[in-house]
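> Show me the folded form of this:
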Amino acid sequence: MLALCAALPAMAADLLGAVKARGTLKVAMEGTYPPFNYREKNGELAGYDVDVARLVAGKLGLKVEFVTSEWASILAGLSANKYDVIISQVGINPKREQAFDFSEPYIYSVPQLIVRKNETATYKSLAELKGKKLGVGQGSVYEQQAKAVPGIEVRSYAAAPETMADLASGRIDAALNDSLMSAYLLKISRLPIKAGAQVGAVERMGIPFQKGNPQFRQALNKVLADAAADGSLKAISLKWFGADVSKAP
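Have a look, this model is predicted:
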């Protein structure tokens, strides 16, 4: 009996027990990053990440509570326990894994350049942008990649539409973003921009949460594995991209 009682606080401390008791999963996302997460004209959140969040919460038997945050402060918000998870195209990398645990990847992409339609230079790598102005998302992995290349003037933006507007007007020479995001922007934008070269390795996007929650991690990964097996993730991928982006290319 004593052993059982001693085990209860540890079990209760796991995030899985906390969200089950609350009945909701607090999910943070940027909310300005179509087609992954953005607000429609009626103010409702929509996008690939939104559908994944609803799927995950539903399979855990929970309601989803969305919290929007600027990208630059979204990881700090998770550290401060303002929400349970982030489902907002968070790339899995060693630095972030030091601070948080991650689910298995639920989407894959490749870094890609976007340039003006009348651009004659063919930038095939970031190194070829030395001496040029490159627009990136503030706090993104693309910002880190760009700043690691000497000689590039890196300009950071809070949201992708601002980046594209500055690119079209000539304030920057190129932009670096997610290949899936780039394809969507080019599809819907009336700006004079076009796709450039893919300039990096495949990126794995996962769902980060506070360390020390093994039960939650196991449950979350089971949800994603089941969703992959029954075709749910594929269906969401096809809806937004016309291809299954939930599997590694």
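> tell me which element residue 52 is part of?
helix 48-59 (DSSP states H and E).
> actually residue 184, not the one I wrote
With DSSP H and E as criterion, residue 184 is part of helix 179-188.
> Tell me which other helices or strands that helix touches.
strand 107-109, strand 111-116, helix 160-169, strand 193-198, helix 232-241 (3 or more CB pairs under 8 Å, 6 or more residues apart in numbering; DSSP states H and E). All C-beta atoms are positioned from the backbone trio N, CA, C, and that covers glycine.
> Tabulate the ones you listed (TSV), appending distance to residue 38.
TSV is the format used below for the helices and strands packed on helix 179-188 (distance: least, CB to CB, whole Å):
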stretch	distance to residue 38
strand 107-109	16
strand 111-116	18
helix 160-169	10
strand 193-198	18
helix 232-241	11
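> of all these, which lies closest to residue 136?
Closest to residue 136 of those is helix 160-169 (CB to CB; 7.5 Å).
> ok, residues contacting that closest one?
The contact list for helix 160-169, computed with CB atoms under 8 Å, 6 or more residues apart in numbering, reads 32-34, 114-116, 135-137, 155, 157, 172-175, 177, 181, 185, 189, 191-193.
> From the centre of this structure outward, give me the first residue you hit.
residue 89 (0.7 Å; CA atoms, centre = their mean).
> With residue 192 as the reference, measure out to it.
Distance, residue 89 to residue 192, by CB to CB, to the nearest Å: 26 Å.
> do the same with residue 124
Counting by CB to CB - residue 124 and residue 192 are separated by 21 Å.
> same check, this time on residue 45
30 Å.
> ok, the two, which is more surrounded?
residue 45 (18 against 12; other CB atoms under 10 Å).
> and the closest residue to residue 180 other than its chain neighbours, how far is that from residue 96?
Spatial nearest neighbour of residue 180, excluding adjacent residues (CB to CB, 6 or more residues apart in numbering): residue 109 at 4.8 Å. For residue 109, the distance to residue 96 (CB to CB) stands at 16 Å.
> With neighbour numbers in mind, choose between these two.
For residue 109 against residue 96, the residue with the higher neighbour count under other CB under 10 Å is residue 109, and the figures read 23 against 16.
> check contacts around the more buried one.
178, 179, 180, 181, 202, 203, 205, 245.
> Need the helices and strands packed on helix 179-188 in a markdown table (columns: mean pLDDT and distance to residue 80).
Shown next, in a markdown table, are the helices and strands packed on helix 179-188 (pLDDT from 0 to 100; distance: least, CB to CB, whole Å):
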| stretch | mean pLDDT | distance to residue 80 |
| --- | --- | --- |
| strand 107-109 | 93 | 26 |
| strand 111-116 | 95 | 29 |
| helix 160-169 | 94 | 25 |
| strand 193-198 | 93 | 35 |
| helix 232-241 | 93 | 29 |
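> Of all those, which one comes closest to residue 212?
The stretch from these with the least distance to residue 212 (CB to CB) is strand 107-109; that distance is 25.4 Å.
> pLDDT of the helix holding residue 184, averaged?
For helix 179-188, the mean per-residue pLDDT is 81.
> Could you report the separation of residue 219 from residue 56?
Going from residue 219 to residue 56 by CB to CB gives 10 Å.
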